[in-house]
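# Sequence and predicted structure below; questions after.
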Amino acid sequence: MPPAICPHCGAQVPAQAQVCPECGADEATGWSEAARHDGLDLPDESFDYEEFTKREFGGVPTRPHGLPWYWWLVALGLVAGLCLVWLR
C-alpha cells in the first residue's frame, strides 16, 4: 500500500497507486517503512536549537520593542497642531 504523501517529492499519492504520479517512486525505490520519514529533514534528539538560531540569525541585530523617541515627538506635534487648529 502506498503512502498518502510521496516520501521523495511530497506529492499526493492515490490510495491504489502503484507509483507516485509525480516522480515515479514505488515500493522498490523507497516506500518502505524506514523511508517514510527519511528525507523530511526533521530534527532528531541531537538537534541544538540554540546553535541553530546562532548560525541562522546570529549576525542580524534585533529591533527594540516600541516606537523610537522621535515618533513620539512627531505624534505630540501633530496633536498640538490639531488642538491649535480646533481652538481657533
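Okay, I see it.
# Going by C-alpha atoms from here, please, whenever you check contacts or count neighbours.
Noted.
# what's the burial count for residue 79?
Residue 79: 12 surrounding residues under other Cα atoms under 10 Å.
# Secondary structure element for it, which one?
In the assignment (DSSP states H and E), residue 79 maps to helix 69-87.
# Residue 49 versus residue 43, what's the distance?
Distance, residue 43 to residue 49, using Cα to Cα, to the nearest Å: 9 Å.
# Ok, residue 25 next?
From residue 25 over to residue 49 the distance is 33 Å, taken as Cα to Cα.
# Neighbour count for these two, which is higher?
residue 25 (18 against 10).
# I'd guessed the more buried one sits against residue 5; true?
No - the criterion here is Cα atoms under 8 Å, and residue 25 misses it with residue 5 at 11.0 Å.
# Run the chain-centre distance for the helix holding residue 79.
Relative to its chain's centre, helix 69-87 lies at 40 Å (Cα atoms, centre = their mean, to the nearest Å).
# Stretch 81-88 too?
48 Å.
# got the CA coordinates for it in CSV?
Output of stretch 81-88 as CSV, limited to C-alpha atoms (Å, rounded to 0.1, in the frame of the first residue of the first chain):
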residue,chain,number,x,y,z
GLY,A,81,-1.2,71.3,15.9
LEU,A,82,-4.7,69.8,15.8
CYS,A,83,-5.5,71.3,19.1
LEU,A,84,-4.4,74.7,17.9
VAL,A,85,-6.5,74.4,14.7
TRP,A,86,-9.5,73.3,16.7
LEU,A,87,-9.3,76.1,19.3
ARG,A,88,-9.2,78.9,16.7
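# and residue 4, how many neighbours?
Using other Cα under 10 Å, residue 4 has 14 other residues around it.
# Could you double-check that it lies in contact with residue 16?
No - contact criterion Cα under 8 Å: residue 4 and residue 16 do not qualify, at 10.1 Å.
# Can you find the helix or strand of the protein with the lowest average pLDDT?
When each helix and strand of the chain is scored by mean pLDDT, DSSP states H and E, helix 49-57 comes last, with a mean of 85.
# which residue sits closest to residue 4, ignoring its sequence neighbours?
Once flanking residues are discounted, residue 4 sits nearest to residue 13: 5.2 Å by Cα to Cα, 6 or more residues apart in numbering.
# Can you report phi and psi for that neighbour?
Main-chain torsions, residue 13, degrees, to the nearest 10: phi -110, psi 120.
# Alright, I will stop here.
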